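Student: curious how this folds, go ahead:
(6 chains)
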6 protein chains.
Amino acid sequence: MTQRPIRLSLPSKGRLEVDALDFLAETGLRVFKPNPRQYEAHVPSLPELGIIFQRPGDIVVSVRQGSIDFGITGLDMIEEKRGDNGDILILHDALGFGTCALTLAVPEAWKTVTDIASLKKFSAESNTPLRVATKFPVLTERFLNQQNIPHKLIAAEGTLETAPTIGYADMISDLVSSGQTLLDNRLRPLTDGVIQRSQAVLIANHHILQTRPEVLEMARRLLEYIEAHLRAKDNVLVIANMRGENPQVITQKIFTQTNVGGLQGPTISPIGVRDGTPNWYSVTVVVRRDHLPQAITELRNIGGSGIIVSPITYIFEEEPPRYKAMLAALKG
Amino acid sequence: MTQRPIRLSLPSKGRLEVDALDFLAETGLRVFKPNPRQYEAHVPSLPELGIIFQRPGDIVVSVRQGSIDFGITGLDMIEEKRGDNGDILILHDALGFGTCALTLAVPEAWKTVTDIASLKKFSAESNTPLRVATKFPVLTERFLNQQNIPHKLIAAEGTLETAPTIGYADMISDLVSSGQTLLDNRLRPLTDGVIQRSQAVLIANHHILQTRPEVLEMARRLLEYIEAHLRAKDNVLVIANMRGENPQVITQKIFTQTNVGGLQGPTISPIGVRDGTPNWYSVTVVVRRDHLPQAITELRNIGGSGIIVSPITYIFEEEPPRYKAMLAALKG
Amino acid sequence: MTQRPIRLSLPSKGRLEVDALDFLAETGLRVFKPNPRQYEAHVPSLPELGIIFQRPGDIVVSVRQGSIDFGITGLDMIEEKRGDNGDILILHDALGFGTCALTLAVPEAWKTVTDIASLKKFSAESNTPLRVATKFPVLTERFLNQQNIPHKLIAAEGTLETAPTIGYADMISDLVSSGQTLLDNRLRPLTDGVIQRSQAVLIANHHILQTRPEVLEMARRLLEYIEAHLRAKDNVLVIANMRGENPQVITQKIFTQTNVGGLQGPTISPIGVRDGTPNWYSVTVVVRRDHLPQAITELRNIGGSGIIVSPITYIFEEEPPRYKAMLAALKG
Amino acid sequence: MTQRPIRLSLPSKGRLEVDALDFLAETGLRVFKPNPRQYEAHVPSLPELGIIFQRPGDIVVSVRQGSIDFGITGLDMIEEKRGDNGDILILHDALGFGTCALTLAVPEAWKTVTDIASLKKFSAESNTPLRVATKFPVLTERFLNQQNIPHKLIAAEGTLETAPTIGYADMISDLVSSGQTLLDNRLRPLTDGVIQRSQAVLIANHHILQTRPEVLEMARRLLEYIEAHLRAKDNVLVIANMRGENPQVITQKIFTQTNVGGLQGPTISPIGVRDGTPNWYSVTVVVRRDHLPQAITELRNIGGSGIIVSPITYIFEEEPPRYKAMLAALKG
Amino acid sequence: MTQRPIRLSLPSKGRLEVDALDFLAETGLRVFKPNPRQYEAHVPSLPELGIIFQRPGDIVVSVRQGSIDFGITGLDMIEEKRGDNGDILILHDALGFGTCALTLAVPEAWKTVTDIASLKKFSAESNTPLRVATKFPVLTERFLNQQNIPHKLIAAEGTLETAPTIGYADMISDLVSSGQTLLDNRLRPLTDGVIQRSQAVLIANHHILQTRPEVLEMARRLLEYIEAHLRAKDNVLVIANMRGENPQVITQKIFTQTNVGGLQGPTISPIGVRDGTPNWYSVTVVVRRDHLPQAITELRNIGGSGIIVSPITYIFEEEPPRYKAMLAALKG
Amino acid sequence: MTQRPIRLSLPSKGRLEVDALDFLAETGLRVFKPNPRQYEAHVPSLPELGIIFQRPGDIVVSVRQGSIDFGITGLDMIEEKRGDNGDILILHDALGFGTCALTLAVPEAWKTVTDIASLKKFSAESNTPLRVATKFPVLTERFLNQQNIPHKLIAAEGTLETAPTIGYADMISDLVSSGQTLLDNRLRPLTDGVIQRSQAVLIANHHILQTRPEVLEMARRLLEYIEAHLRAKDNVLVIANMRGENPQVITQKIFTQTNVGGLQGPTISPIGVRDGTPNWYSVTVVVRRDHLPQAITELRNIGGSGIIVSPITYIFEEEPPRYKAMLAALKG
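Tutor: So this is what the prediction gives:
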């Protein structure tokens, strides 16, 4: 009997789809969708992997059931729908996009309510439980119960942020990224009202990883690529010209500085100079992108000139730490 | 204390929104939305009525709670979410748009399964309950239980019709209008698999109708306009020239025919003719639009000529029957 | 030498263009634009009239110069740009679309400022003149001077409503229709801060009307159509069946009611009834659209049944009053 | 054996599709397309008729073969593709939309070439036949041969109007409506260069009309509706109040005027007047839309007032002339 | 007399246009189109080259005539329209985008027909030749004749895949990429029914290359850039840190592995290490992108660490082989 | 008191917005706009910098007033609105996008007018001053006065290029990039009619730079990034394999060539070769992108092979020259 192909499910619309496809492309796993009407696609550089497009909640259910092996979607939806039985394993918890937070927000008109404590006081003063509209009933219920806030959850399909004005609910528990939508609707997030921080994560079906070695190997390759890409994204290759008696002297100068030491140390190669001036060297180091201005200054300080910065596609370390963590979880 | 204004909630997006706005405009209740970003609007010809835009499910919940007085949305969603306690009253059950049916469908590959009976046989032969994906769990559950079909419901957010191919579920319970989407995905509706026929309907909150007379009066006006419009839509005004000794003779000729008798009978007025020929009359009758070809033939048969057809905006009968039905329900 | 054709200039983009084209089509003057790239079009039912599309301000300048004969645009822009020398004559001042008002608005944070008086107080307390951003410097300047408010006008190209937040200006003078945009940007209109109410109007070049009779005749036809359409838009034709001894008796019944008297009185024609019952009549009256519900009730009260409502395209009165007003202005 | 349903094929995209759907809707045959992806649709008011959407050329081929019964498309394409054997019958040759003309055009730079004669002179002076790009090789070839112009046809898929600039051809034979595209590309139509005038027409398969009576009956109904609609479109119903000793006197007054005589003559009904003034009558006539201003003037001249204009949906004459013409052609 | 500029024609719309522009941009020949309305553009990095946009078929005709020098379009269209006289020379036959195949497909309902042999059997059993709809009559005719399949070609403008359902043809010869469109329309490609495989190719006019040296030089530059880009796309630069007694020892280790030998061999440079540990080297090799995972494993196996992967823009070999092939063809 | 954050204002719509955002992203300063409705954004890699979106003219006014610190917009608008008092300092005058020129253009029909001289002659022959429509009255007025051309400026909001045809003006002063729009409207630019050449530039408020050191430091960083990016954009890194007795010999060969000398000279590192052949070296140089073909030829000429080209992100020189210029201007 032939096995079903290994499959990764991605969000099927909106910003999360665009960001997931961009992320995979930058990671070297460009998704090719031959026909816009199709819900299936593939990754030319990983021919064994099929791609499926689903709504975020359906991705979580599919991976939980095992009809799909891997999924990329928001942690918010995963926590809402993962259930209790450990069917879902989070392989990578910080893919760096889709950042938001499930947050409690109240009408600006409730001037005294700014945090959980004042909300409880406000609630105690009224006779009825607060009606809270949300699309995340599991997480919201758990949080409100933990905080001992009397409430009634109101399920909603549409734009939650208008619910208090319409009278559909008293307050909301909604995803917040920039906060602009809350502001436009005269709602205010509670300062300690974050129920669940979220960003895009990579999940897999626990049981399948344990029983199908080719899926486990695919997990290793996905993590290898993803980690090497995320590491590379934050670094650049810097090459400077520098004069010095010999490579050792230059190395010493480099090590007097903070940001230009490289992963291991500078690679040093001789430069031929037109007028024959001796002792010019090319020095190559890896520098963190957000330290680049300081690194340039440091290189200039020790005589560096003609400084060139080049992009890096991947940085592979000894072994992907998250892969080791996954193996531990599978054994656990 | 000032009362909240009377409000009607409409679907906030998609074909149902467009059709609802078109329907209201044809009914003489054009909705004016000053700003596309707003979820509020008003009806210049009914200034006491506010308009709110919500998702279909939220409309049902809002009317059930009483945060909104009236709603127009699909009967499917109303039956799914109305609950048991009679909070929702259906004022008009056939607005004539949004027609579809919640229907069970199976993969074409299940060649032996064509109706409920063969589905039960198919199900009995397998060991596990059928996994049925749906966005209407209440209606689907009730139907499957009534039919004694062992099953497991799978909630879904997105495009259900791909669920069987992905392996997310074995079969689906989904809204079907033309059937093209099922066909494209190689699914087949069961011949007796209709769970709920649906079209757009007008609902109201039962309790509010009983307690706020101005809302009751608004219900009467909405029904008056809607019924007069729906009746008018199916009829036209037909005017023919006809010669006859006198109006009575012409009336008799008219009544020999099937489709041109009018609501009551023909209106007959004299025509002045250029050459003074006497006894020409103009005959005006109301004719059902779908009988128009036969009516034209009948008029020609009895000597009618120069036949003009004009549009009708409303036909008001003695009293709107659905308004009487509503009053009865409120008393019941 | 051949004369330039008579030309009417319309707004070239946005809601005002759509509304102007819809208005003309309803008036029976559908504009045909053979090619979307062109700025020229024509009106098949008025072949002598050419159509030009321009920005609102350019329309006013063109009619003022006389390079264009007629224009339809907002009164706001006309008042801003018409100049002092009477070159522009307003032929119709209420076409019924494009309604808005140039209004002063201040940040919500200025809690004490709600009207002109409190604005002056607020201004007096600060040392510097208020910086007011606007796209209507002429009208705004005149108003602020009349109100004796020390100020500095800041010309702006873009979205004025963000100016106070950015710090570009302290307050704004901007067009307001629903007020939603002000609300979204936490600005508040002053209660007596309306500088100029506006809607779409029809203008013409004064001098050309005096010197080119064919342009004067075109003005008459435009006004004739526009007035007949605007009058018709607010009325419907109502036909009811009614029994009575004779037409005079029915006429008397009709005149006991308020809303069904017609322009002159009811037209009354006999109806032939199937069973020969005598004395049935069809009664036709013109009713104001916003009195329709009352008219239906009145007709039912006096025995009316089978009430049909039909649309009216135009109502022509003796002579268009605005045409007479124009002739007076030209002589003046 | 069950017969294939009767089918009408419509253009599947662009302005011609929109105009054909609008035309049918105005004619009372609104097309309902349940799913935008489908190439099939139906007409609720003519349930026996199926609708197919195809490219213009494929419509002609389909009707010629008899795989489709009826088609609506441009006469240009029909003449290009109809072949010689009379398989295609034109039922209605002037549906009133899609107007254009297949026309020869030359570069503006050919200053001496303005008509066929000067083109032949220009051609004679050069040594090589003119290269003419076109999408209508059959019509263009026939025309150029009739005119004895030496030429070489160049088939083209795309925007012909750039062909001379690119050097792809010397001149073009292309569809021209407003002429703006030619002007933009510095091409000039020859004054007598029209090869084929065109607008949308209704065609049918000759053989099927002769052999399937239900298709013949459908042809009759389509023509009946279309002719009644086209006639109605150009007329309005005018109702005026008028005073006169008796209906005969009023009729005589009416007949002194040119444009208000009606199809047959005026319908005259008494009006009840509030103050009891006798001898007021309501006069109803059908007036050609483009004579409306004159008709209003005439009615005022003879004492008409309170003039109301109403729309007409259809005007049915004795029998549709084009249906008779079709029957003659089928017998021929 | 001034020569016409050298011109390259690109597809003017759809996916092929987007892919061609993307391909050229990646190749370093970004096309700049100053105005979206224009059909002309240029390449800032190749100022002597003009760009023209045309439909695919017109590109082939233009290059064949010599009105355009170079073209990029699908091989399918080139084979359909190139004619017999060798006017068109294919310079590069695999640009790597626009992949599809002209393929015979039959209705799924023809259950016995799966390949050419069974199609012939099916055809023999019916009395009439198969009607085959296609937009590629030349290639399809030639193929069907070679296979001795009795047939009648039906030219089509629009969506071929609906032709069998409509009855326009029995089967089709159409371009297939993912096969989804066939599947949606219940058509099945024949297993050996591929008539012409296709992807985007670069063509030129044979005669112009022989007579205009500057066009020949442009051909050399285009091929140089394209080949260097296509080669680079499949490779990456890999830099690893490695410890070894001396460069020779490290070189030997490298050569024990399969995927990390580089084009020639590894470049080896010393690394200065913070704690002075001697004998650390940076090793740089070019690795095929699809061998990257294995290469990383191999490098780790021989002690590589801190492995950095960088992108490559071009790889230039001794001389572009396709340029040599072109020169041979021109001489042949 | 807390200071307002440092802010950079960008064009809020059209091509200039897209190009500015692309430019900043390539420069390493990707702008993140959390919500498309907002007019505010930020740059994750420069957290101290806020981004504002405004219309071009409002950017200039904002920087002039000091409500915004930095702006990027077209030089045309800056020169039009900068005023006389030196409030605006241009930090970088050639960002390389948004290139166009404010230019005088006349109708093609004015056949004798090709330059300023012939325009003056033409003007002298007519009795009235030329009416010149423009959106840049300040620059146009100054230029026309300098040239002693009698004129009347006509302010315009909309598409200037139609003004002469409409009769709104005689000629125009408008922004020209490709000239296609002028051509389409049969206008011709004067050969010496350029009033102001323009491209996007970076400006700052003079006074703020002098008084807020953190704004001065931001100016330095912006210039550092921008200059390093613009320099890098025009160069690539070229690596070739080459054989030679020793590095010095190879260096000498390199220096015999024109385009491959690098910033300083080639970096030379040994290559390990599989068969042990000695004396192979890898040579790395920086080459100007537009000299790449020549550089490849030169490297081949001196025995280079396996030539790899890699991208460069930044090239940092000793100190940004424009930063020094700015400091000088601030002191001046």
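
Student: let me know the pLDDT of whichever residue of the stretch 1-150 of chain A sits closest to chain D.
Tutor: The nearest approach of the stretch 1-150 of chain A to chain D comes at A:Arg37, 8.0 Å away (CB to the nearest CB). Heads up, the C-betas are built off the backbone N, CA and C, glycines and all. At A:Arg37, the model reports a pLDDT of 73.

Student: from memory it sits against E:Leu183, does it?
Tutor: No - the criterion here is CB atoms under 8 Å, and A:Arg37 misses it with E:Leu183 at 10.7 Å.

Student: coming back round to it: next, the closest residue to the residue of the stretch 1-150 of chain A closest to chain D other than its chain neighbours: phi, psi?
Tutor: Nearest residue to A:Arg37, sequence neighbours excluded (CB to CB, 6 or more residues apart in numbering or on different chains): E:Gln180, at 6.9 Å. Dihedral pair for E:Gln180: phi -70, psi -40, per degrees, to the nearest 10.

Student: burial count for E:Gln180?
Tutor: By the criterion of other CB atoms under 10 Å in any protein chain shown, E:Gln180 has 15 neighbours.

Student: from A:Ser9, how far off is whichever residue of the stretch 51-200 of chain A sits closest to chain E?
Tutor: The nearest approach of the stretch 51-200 of chain A to chain E comes at A:Ile51, 13.1 Å away (CB to the nearest CB). According to CB to CB, to the nearest Å, A:Ile51 stands 8 Å off from A:Ser9.

Student: ok, A:Arg37 and E:Leu183, which is more surrounded?
Tutor: Taking neighbours as other CB under 10 Å, A:Arg37 and E:Leu183 compare with E:Leu183 leading, 17 against 11.

Student: hmm, back to that, pretty sure the residue nearest to A:Arg37 sits against A:Pro34.
Tutor: Yes - if you go by CB under 8 Å, E:Gln180 and A:Pro34 touch, sitting 6.8 Å apart.

Student: list the buried residues in the host helix or strand of A:Ala228.
Tutor: Using DSSP states H and E, A:Ala228 falls within helix A:213-233. Buried residues in helix A:213-233, counting neighbours by 16 or more other CB atoms under 10 Å in any protein chain shown, are found at A:215-216, A:218-233.

Student: again, but for stretch A:39-49
Tutor: A:39-43, A:45-46, A:49.

Student: wait, does that stretch contact chain D?
Tutor: No - on the criterion CB under 8 Å from any CB of the partner chain, stretch A:39-49 is out of touch with chain D, staying 14.7 Å away.

Student: now the end-to-end length of that stretch.
Tutor: 14 Å (CA to CA, to the nearest Å).

Student: show me the shaky parts of the stretch 51-200 of chain A.
Tutor: The model of the stretch 51-200 of chain A has no residue with pLDDT under 70.

Student: and if we set it to 90?
Tutor: A:84-86, A:126-128, A:158-159, A:178-181, A:184 (pLDDT under 90).

Student: is the nearest residue to A:Ile52 once chain neighbours are set aside in a helix, a strand, or coil?
Tutor: Nearest residue to A:Ile52 in three dimensions, chain neighbours excluded: A:Ser9, at 4.5 Å (CB to CB, 6+ apart). Assigned state for A:Ser9: strand (three-state reduction, DSSP: H, G, I helix; E, B strand; the rest coil).

Student: what is A:Ser9 paired to in the beta sheet?
Tutor: With DSSP bridges as the criterion, A:Ser9 is bridged to A:Ile52, A:Gly71.

Student: what does A:His92 give?
Tutor: A:Leu202.

Student: touching chain B at all, the host helix or strand of A:Ala133?
Tutor: According to DSSP H and E, A:Ala133 maps onto strand A:130-134. No - Strand A:130-134 does not reach chain B (CB under 8 Å from any CB); its nearest approach is 8.7 Å.

Student: quick one: contacts of that strand?
Tutor: A:104, A:119, A:123, A:140, A:144, A:149-156, A:160, A:163-164, A:168-174 (CB atoms under 8 Å, 6 or more residues apart in numbering or on different chains).

Student: just the buried subset of the residues you listed, written out for ChimeraX, thanks.
Tutor: The buried residues among the contacts of strand A:130-134 can be selected in ChimeraX (16+ other CB under 10 Å) with this line:
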select /A:104,119,123,140,144,149,151,153,154,156,160,163,164,168,169,170,171,172,173,174
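
Student: narrow the contacts of strand A:130-134 to those in strands?
Tutor: Here DSSP state E is the test, and the contacts of strand A:130-134 give A:104, A:151-155, A:171-174 as lying in strands.

Student: filter these down to the ones near chain E?
Tutor: Okay, of the ones in strands among the contacts of strand A:130-134, nothing touches chain E (CB under 8 Å from any CB).

Student: which of the residues you listed lies closest to chain F?
Tutor: A:Asp174 (14.3 Å).

Student: can I get the buried residues of stretch A:39-49 in a markdown table with secondary structure?
Tutor: Listed next are those as a markdown table, based on three-state DSSP:
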| residue | secondary structure |
| --- | --- |
| A:Tyr39 | coil |
| A:Glu40 | strand |
| A:Ala41 | strand |
| A:His42 | strand |
| A:Val43 | coil |
| A:Ser45 | coil |
| A:Leu46 | coil |
| A:Leu49 | strand |
